[in-house]
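Colleague: fold the following for me, if possible:
(one chain, ligands or ions: 1)
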Amino acid sequence: MLDLPPGPKQPRYAQALQWVMRPQEFVVRQRERFGDVFTLEFIDGQPLVVLSDPEDVRTVFTGSAEVMHAGEANKLLAPILGSRSILLLDEAEHLRHRRLLLPPFHGERMLRYEQIMAEATRRELATWQEGETIEMLPRMQAITLEVIMRAVFGIEDGLGKERLRVLLRTMLQQTTNMRQMALSLILGPDSERLQQRLDEVLSPVDEELYRVIAEHRCAPDLEEREDILSMLLLARDEDGQPLSDEELRDELMTLLLAGHETTASSLSWAFEQLTQKPQTLERLTEELRGGDDEAYVDAVIQETMRLRPVLPIVIRVLKEPITVGQGRFRLPAGTRVAPAIILVHLRDDIYPEPFEFRPERFIETPPGTYTWIPFGGGMRRCVGSAFALFEMRAVLRAVLTTFDIEAAGGPERITRRSLTIVPDHGGRVRVVRRAEVAGAGAADQGALAL
Ligand code: HEM
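Modeller: Below is the predicted model of the structure:
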């Protein structure tokens, strides 16, 4: 039995560059050459074992928290998120944070955010003109930022909110770009120089976040408030302890970073894919404007996230050896393994004609636990998955009941925007005209029937 599976022999910088520039083509090519398990090497020189057989994905997602360290694998994000972010923690501390964070994100609770999501979309749609071509990504980012500020941070309209929006936008632009990611990789997460650079953008944001936390703490109506921060302030762990202000700051930053760009990128892909397939767009539009096939709306979202998973891989550092590749490789402790969402989703034995955008496939067969994994899995599965799915449904419904849209050009290529993969022109769409059917403008009345 071998320790590490084979992989490309190119220099690590060449591998990293291809992974950044053409992530899908690069890994698809390696799978064609080496099979379902192969080893890559990126800038830091550490091997990364890529897994794309659902059996290996199951091994990783069902492995114990003591063996599969995700926090350690995410440590590049520590300078921004802080050391007490759920994404950076492992084992007992991770479990403590996860238990406190999960209840506010429970599926049924999401209905309470319907109004906020509808309003945020309506404000955005009010700026759209018939006949104009729109780049969806920044528009979707504006919506998801507004939703997080209100539903997660609990910020009401006012001058304070505008100040925070500007600070968050600046911070997001300066921290989640390719230059910053490359610097983190080259300098390492413990670099003082890196931290100094980041502190300049993070300090004013932190100041605001601590102010928001303090204001919530002394709000007389804290128990009645619906936002996630209020619930986190009231949550207690098994020893009856609340999250400290520093832990709350790190989790707010995590929810912003994990929830804003991901949902906006997925939505941009949904519009890009739909406008390239006019018949699918037409059927979805009909369902949203009066049909009653909610299953089709969900299938469109599932298919978008299958074909364009915005986070293409997740990573774990092994603390004990595991066996993968149908018993062929015994990976030693210390190895980094990466269930490759993007490759699992392109398997033709699970998804015939895998490169085709065909939502009907999910009506015929519902998504499988280890074969549809855009939100990762196991003890690290995305905390905000119900929130994201609810928001995607809300935005699709609001847009397509208000406007007729069409493609503004050919299909867009996959490119990387720091953490997520996005359409290389941001998902360009032409706004044809205002919808003229009964039920149109539902978003204008804030009446999303989800
Ligand atoms: C389309 C949108 C989204 C996608 C595709 C997505 C995807 C993911 C993925 C792949 C992971 C890692 C799972 C793993 O390692 O196995 C993750 C983790 C996480 N996500 Fe999301 N996410 C989305 C939206 C959100 C939203 C809206 C929030 C919250 C507002 C959120 C909060 C989190 C948190 C807190 C974690 C860390 C979980 C842990 O380490 O235990 N995500 N997400």
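Colleague: return the alpha-carbon coordinates of the helix or strand hosting residue 433 using CSV.
Modeller: With the criterion set as DSSP states H and E, the secondary-structure element containing residue 433 is strand 428-434. Output for strand 428-434, consisting of C-alpha atoms alone and laid out as CSV, is shown next (Å, rounded to 0.1, in the frame of the first residue of the first chain):
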residue,chain,number,x,y,z
ARG,A,428,-24.0,39.5,-17.2
VAL,A,429,-27.7,39.6,-17.8
ARG,A,430,-29.9,41.9,-19.9
VAL,A,431,-33.0,43.3,-18.3
VAL,A,432,-35.6,43.1,-21.0
ARG,A,433,-38.8,44.6,-19.5
ARG,A,434,-40.9,44.7,-16.4
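Colleague: where along the stretch 1-150 of the chain do the strands fall?
Modeller: If you assign secondary structure with DSSP state E, counting those that start in this stretch, the strands in the stretch 1-150 of the chain sit at 37-41, 47-51, 68-69, 133-135.
Colleague: now for the shortest one, which elements pack on it?
Modeller: Helices and strands touching strand 68-69, as assessed by 3 or more C-beta pairs under 8 Å, 6 or more residues apart in numbering; DSSP states H and E, comprise strand 316-318. Yep, even glycine has a C-beta here, placed from its N, CA and C like the rest.
Colleague: pull out the buried residues from stretch 272-285.
Modeller: Residues of stretch 272-285 classed as buried: 272-275, 277, 280-281, 283-285 (neighbour count, 16 or more other C-beta atoms under 10 Å).
Colleague: from these, which two are the most distant?
Modeller: Set against one another by C-beta to C-beta, the buried residues of stretch 272-285 have their most distant pair in 272 and 283, with a gap of 17.1 Å.
Colleague: quick one: contacts of the strand holding residue 433?
Modeller: The contact list for strand 428-434, computed with C-beta atoms under 8 Å, 6 or more residues apart in numbering, reads 128-136, 271-272, 275, 402-409, 412, 440-441.
Colleague: over to stretch 413-421?
Modeller: Stretch 413-421 is contacted by residues 20-24, 137, 176-178, 180-181, 257, 261-262, 265, 308-312, 422-424 when judged by C-beta under 8 Å, 6+ apart.
Colleague: go again with 7 Å.
Modeller: 20, 23-24, 176-178, 181, 261-262, 265, 308, 310-312, 422, 424 (C-beta atoms under 7 Å, 6 or more residues apart in numbering).
Colleague: circling back to that earlier point, in its sheet, what does the strand holding residue 433 sit against?
Modeller: As defined by DSSP bridges, the strand partners of strand 428-434 come to strand 133-135 (antiparallel), strand 403-407 (antiparallel).
Colleague: how about the ones you listed in CSV, adding mean neighbour count?
Modeller: Converted to CSV, the strands paired with strand 428-434 look like this (neighbours: other C-beta atoms under 10 Å):
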stretch, mean neighbour count
strand 133-135, 16
strand 403-407, 18
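Colleague: tell me the SS of residue 372?
Modeller: In the three-state summary, residue 372 is assigned as coil, counting by DSSP: H, G, I helix; E, B strand; the rest coil.
Colleague: quick one: low-confidence parts of this protein?
Modeller: Judged against pLDDT under 70, the low-scoring parts of the chain cover residues 1-2, 177-181, 183-189, 437-450.
Colleague: tell me which residue is most central in it.
Modeller: residue 262 (3.0 Å; C-alpha atoms, centre = their mean).
Colleague: and that one, how far is that from residue 220?
Modeller: From residue 262 across to residue 220, the span is 35 Å (C-beta to C-beta, to the nearest Å).
Colleague: and what of residue 191?
Modeller: Using C-beta to C-beta, one obtains 44 Å as the distance from residue 191 to residue 220.
Colleague: these two - which one has more neighbours?
Modeller: Taking residue 191 and residue 220 together and counting by other C-beta atoms under 10 Å, residue 191 has the greater number of neighbours (15 against 6).
Colleague: let me see the contact set for the more buried one.
Modeller: Contacts here follow C-beta under 7 Å, 6+ apart; on that basis residue 191 touches nothing.
Colleague: around the ligand, pick out the residues from the stretch 1-150 of the chain.
Modeller: Residues of the stretch 1-150 of the chain found near the ligand (C-beta under 6 Å from any ligand atom) are 70, 86-87, 98.
Colleague: can you put the residues you listed in CSV and add neighbour count and distance to residue 106?
Modeller: Formatted as CSV, the entries for these read as follows, by neighbours: other C-beta atoms under 10 Å; distance: C-beta to C-beta, whole Å:
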residue, neighbour count, distance to residue 106
70, 22, 22
86, 26, 16
87, 23, 20
98, 16, 13
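Colleague: buried residues, stretch 167-176. List them.
Modeller: For stretch 167-176, the buried set under the neighbour-count rule, 16+ other C-beta under 10 Å, comprises 167-168, 171-172, 175-176.
Colleague: just confirm yes or no for it near the ligand.
Modeller: No: judged by C-beta under 6 Å from any ligand atom, stretch 167-176 stays clear of the ligand, getting no closer than 13.8 Å.
Colleague: show me the contact partners of that stretch.
Modeller: Stretch 167-176 is touched from outside by 80, 145, 180, 198, 201-202, 204-205, 208, 256, 261, 418-419, with contacts defined as C-beta under 7 Å, 6+ apart.
Colleague: chain center to it, what's the gap?
Modeller: Here the centre of stretch 167-176 is set off from its chain's centre by 17 Å, with C-alpha atoms, centre = their mean, to the nearest Å.
Colleague: ok, back up a step: out of the contacts of stretch 167-176, who's nearest the ligand?
Modeller: Top of the list for closeness to the ligand, among the contacts of stretch 167-176 and by C-beta to the nearest ligand atom, is residue 256 at 7.7 Å.
Colleague: is it fair to say the residue nearest to the centre of the chain lies in a helix?
Modeller: Yes: under three-state DSSP, residue 262 sits within a helix.
Colleague: hmm, residue 310 and it touching each other?
Modeller: Yes: with contact defined as C-beta atoms under 7 Å, residue 262 reaches residue 310; the gap is 5.4 Å.
Colleague: about what we covered before: okay, the residues of the stretch 1-150 of the chain next to the ligand in TSV with distance to residue 335 next?
Modeller: Formatted as TSV, those follow (distance: C-beta to C-beta, whole Å):
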residue	distance to residue 335
70	14
86	23
87	20
98	24
